[in-house]
Structures are given as C-alpha cells and as structure tokens.
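[1] Could you work out the structure for the sequence below:
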Amino acid sequence: MPHKTYINELKNSNTAVLFIHGILGSPRHFEKFVTLIENKVSVYNILLKGHGGSVTDFANASMQEWKDQIADLAKKLANKYDNIYIVAHSMGTFFAIETAISYPDKVKGLM
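    The predicted model follows:
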C-alpha cells in the first residue's frame, strides 16, 4: 500500500472503519488491519496532508489542517453511516477522540 489514502466505500454498508495515522505516519501503518475488515464494512484509511511526501510537503502542513481534514471526513461519514469505528495511532488518537465526542451516537468504538 503506497503512501496515499485508501478508500473502499461500499454502497449498502451502514458501517465504516476510519484509520487515522500518527505524526510522520501514513496509511501503510494500518495495511495489515485493513485486510482483516469484513467485506461488508466500508474502509477509510486516510493520508493526512503533508505526510508521505517530501519534507517541504510536511513543513507546509499544519495541525489545524489535519484537524479540519478529519472533521470534514467525520461529518461525511456521520451523514452516511450508522456505525463508525476509528482505529488511530499516536497523534491520530487526538482526532479520533474529538470525532467520538462530536458524534457520540455514530462512533461505536475507538482502538
């Protein structure tokens, strides 16, 4: 899995798993977990802005942009799915917790 967002959005699914990597991480950190997700669950393994590229790309990104990126995606997922599970690492856990607080009726679990 390259350093890019991986999405497997299933049409009839009411459940999604969102993977959020940590600082200096990438979706590659979760590639083994993604293969364990049932094929009836949508998967969103995202790449935070500035990660997976050059030092310049990373230096031009900010914590606020990452927060906004996750908030925008969380809103989309909350509007589309009844059940959201979030798997996060390091800095990604801060965004996971914020998402769970914002959508307590939709986020069913954090890991």
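
[2] residue ranges for the strands of the chain, please.
    For the chain, applying DSSP state E gives strands covering 6-8, 15-20, 42-45, 83-88, 107-110.

[3] Please dump these into CSV; it should also carry distance to Lys76 for every row.
    For every residue, glycine as well, the C-beta is placed using N, CA and C. Below are these laid out as CSV (distance: least, CB to CB, whole Å):
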stretch, distance to Lys76
strand 6-8, 11
strand 15-20, 10
strand 42-45, 9
strand 83-88, 11
strand 107-110, 14
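
[4] who wins for proximity to Ala96 among those strands?
    Judged by CB to CB, the one of these that comes nearest to Ala96 is strand 83-88, at 3.9 Å.

[5] pLDDT weak spots in the protein?
    Within the chain, the set of residues satisfying pLDDT under 70 comprises 1-2.

[6] Redo the strands of the chain as JSON lines? Include mean neighbour count and distance to Met63.
    Formatted as JSON lines, these follow (neighbours: other CB atoms under 10 Å; distance: least, CB to CB, whole Å):
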{"stretch": "strand 6-8", "mean neighbour count": "15", "distance to Met63": "23"}
{"stretch": "strand 15-20", "mean neighbour count": "24", "distance to Met63": "13"}
{"stretch": "strand 42-45", "mean neighbour count": "22", "distance to Met63": "20"}
{"stretch": "strand 83-88", "mean neighbour count": "21", "distance to Met63": "15"}
{"stretch": "strand 107-110", "mean neighbour count": "15", "distance to Met63": "20"}
